[in-house]
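Engineer: next come a sequence and a model predicted from it.
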Amino acid sequence: MAFAKSNKDLFASVGADGSVRLFDLRRLQHSTIVYESSDLVPLLRIAWNTEDPNYLATIMMDSPTVTVLDIRVPSIPVAELNGHKGAVNSIAWAPHSACHIASASDDGKALIWDLSSIPKPVEGRWTVSLSPFPLFLLAFCASARPHTNTYTYSP
């Protein structure tokens, strides 16, 4: 579960049904599904962009991919970040940048992704890039077989 920084009443959750749901604390009896994973694979974690409240990131069970979502455009990922060789188990947005997110994986690597090249909406439609983007910087690589299970930014 993750709360929106810009709206204290809005939070998002993920679950075993493979969906990302938005909730408003003032109307908890209803939720809005903004994304469902392919084949309804369970979603494990969610992180809300700390600087841009339109963006969320989530990870699927046993998947090396981080999925970035724009809540203004439900159902369609803005980006799928593929750089890990093992299952991603942690994600965290940079506290002072809208375009940087970190991911940690069972492959022993923590990657920092630069999302500044994500396409922007043009006249209400999203442009989709087929070329590989965004780039990542290797932040950490564990030797032997320890797993990186949690990644957080320090202010």
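Structural biologist: Yes, it's here.
Engineer: alpha carbons only for contacts and neighbour counts from here, please
Structural biologist: Will do.
Engineer: by mean pLDDT, flag the weakest helix or strand of the chain.
Structural biologist: Lowest by mean pLDDT, DSSP states H and E among the helices and strands of the chain is strand 125-126, with a mean of 43.
Engineer: so, low pLDDT: which residues of the chain?
Structural biologist: 119-155 (pLDDT under 70).
Engineer: how does it look with 50?
Structural biologist: For the chain, the stretches with pLDDT under 50 are 122-134, 144.
Engineer: okay, helices next: where are they in it?
Structural biologist: Assigned helices in the chain: none (criterion: DSSP state H).
Engineer: bridging residues for the most centrally placed residue in it?
Structural biologist: Per Cα atoms, centre = their mean, the C-alpha nearest to the average position across the chain is that of residue 57, at 1.3 Å. In this entry, residue 57 is beta-bridged to residue 47, residue 68, by DSSP bridges.
Engineer: that one contacts residue 71, correct?
Structural biologist: No - under the criterion of Cα atoms under 8 Å, residue 57 is not in contact with residue 71, lying 10.4 Å apart.
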